[in-house]
Structure formats: C-alpha cells, structure tokens
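Engineer: no sequence for this one, just the structure:
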C-alpha cells in the first residue's frame, strides 16, 4: 500500500527510470465510488467515470492480467476496493541513450 511521503522511481515499459515521484495522497474506496476528479487527474484522456471504468475493466479482465494474477476467473465489481494514489513529480530523469 502506498504511503504519503514515500518516494519511488517510475520506469517506462523498457524498465528505464524516467521520474522520481512522491506520494501526496492515498484513498481506498469501492470501485463504484471512483470520482470524476480522479478520472480526469489520472491523465489518460477519459472524460467520464463510465469511460474510465470500461477501459480499466478491459485491462483487469484481460487474459494477460488474469495470467499475471494466476486467477483465470479474476473480476471486479462495484465493491472491489480501489487504491487511488496522488503524487507529485520530484525529478524527471532522462532515459539512458
């Protein structure tokens, strides 16, 4: 579980460090209570909670995610706890050339 004040390195899809962030807030809410402010602030371009949830459910219910979790029946519903993390960028790192 993320903790406010903790710092971590963010890596890209090639495992290269790209940033250092600091957690500024953490909320755990049922999936049905994810709000539009969180959706918009996540920065993935979603403009409604329904759009955000549909995209995330496609990922969570994908064969790849279920395989990574070693649970072929993994699913989420309105009551599934969602960890909503806020952070600030401390340092942008240049990718290795």
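Structural biologist: Done, it's in. Remember, predicted model here, so these are calculated numbers, not experimental data.
Engineer: from here on, contacts and neighbour counts on C-alpha atoms
Structural biologist: Noted.
Engineer: longest helix in this protein, by residue count?
Structural biologist: Here the longest helix in the chain is taken by residue count, with DSSP state H as the criterion, and it is helix 49-60.
Engineer: where does it sit relative to the chain's centre, distance-wise?
Structural biologist: Between the mean C-alpha location of helix 49-60 and the chain-wide mean there is a distance of 12 Å, by Cα atoms, centre = their mean, to the nearest Å.
Engineer: what helices or strands is that helix leaning on?
Structural biologist: In this structure, helix 49-60 packs against helix 36-41, with contacts taken as 3 or more Cα pairs under 8 Å, 6 or more residues apart in numbering; DSSP states H and E.
Engineer: quick one: buried residues of the longest helix of the chain?
Structural biologist: For helix 49-60, a neighbour-count test (16 or more other Cα atoms under 10 Å) marks 49, 52, 53, 60 as buried.
Engineer: is it possible to export these to CSV including distance to residue 84 and pLDDT?
Structural biologist: Compiled in CSV, the buried residues of helix 49-60 are given as follows (distance: Cα to Cα, whole Å; pLDDT from 0 to 100):
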residue, distance to residue 84, pLDDT
49, 14, 96
52, 13, 97
53, 13, 96
60, 16, 95
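Engineer: just these now: which is nearest residue 30?
Structural biologist: residue 53 (12.4 Å; Cα to Cα).
Engineer: Look up how far residue 25 lies from that closest one.
Structural biologist: When Cα to Cα, to the nearest Å is the yardstick, residue 53 and residue 25 sit 21 Å from each other.
Engineer: buried residues in the following helix or strand past the longest helix of the chain?
Structural biologist: Sequence-wise, the next helix or strand downstream of helix 49-60 (DSSP states H and E) is helix 63-68. Judged by neighbour count (16+ other Cα under 10 Å), helix 63-68 contains these buried residues: residue 66.
Engineer: What average pLDDT does helix 63-68 get?
Structural biologist: Predicted confidence along helix 63-68 averages 96 (mean pLDDT).
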